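Trainee: Model the structure of this input:
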Amino acid sequence: MLDDTRLAALRTALEAQRTALRHELESHGADPDADEVALTGDAGFSDRSHSTEERARVLAVTNALRSNLRDVEHALAKMDAGTYGTCESCGKPIDPERLEALPWAILCMECKQRGIAG
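Mentor: All right, here's what the predicted structure looks like:
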């Protein structure tokens, strides 16, 4: 189980990760609190295919960042609710070493290896 010191360290790591993800989303022209991206049109692109390729890349990156941000915010909400560190599938404790490696983990290794969604 997680002691208070370890839990505080994990909260600090999650909060730092949340800040970094929000900043990175903003640097890509995305509002971290919305599902849209403000692209600056085709300015500076030499041809339309390059513009389309760049737009697709930015959208893929921002979608991945938003997904990570949702995972981090979910973990912080679980901390606030007192359920952090409990597998969302089987209800068993998640190994503290797994949480240190991936603080937003929602599944224990056994459930993750079985391929349970999450």
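Trainee: Which positions within the helix or strand bottoming out on mean pLDDT in the chain qualify as buried?
Mentor: The helix or strand of the chain with the poorest confidence is helix 48-81; it has a mean of 88 (mean pLDDT, DSSP states H and E). Neighbour counts using 16 or more other CB atoms under 10 Å place 51, 62, 65-66, 68-69, 71-73, 75-76, 78-79 of helix 48-81 among the buried residues. Glycine gets a C-beta too; all of them are placed from N, C-alpha and C.
Trainee: How far does the following helix or strand past it sit from its chain's centre?
Mentor: Helices and strands here follow DSSP states H and E; after helix 48-81, the next one along the chain is helix 96-101. A distance of 16 Å separates the centroid of the chain from that of helix 96-101, by CA atoms, centre = their mean, to the nearest Å.
Trainee: Show me the contact partners of helix 96-101.
Mentor: Helix 96-101 is contacted by residues M1, L2, R6, L10, G85, A105, C108, M109 when judged by CB atoms under 8 Å, 6 or more residues apart in numbering.
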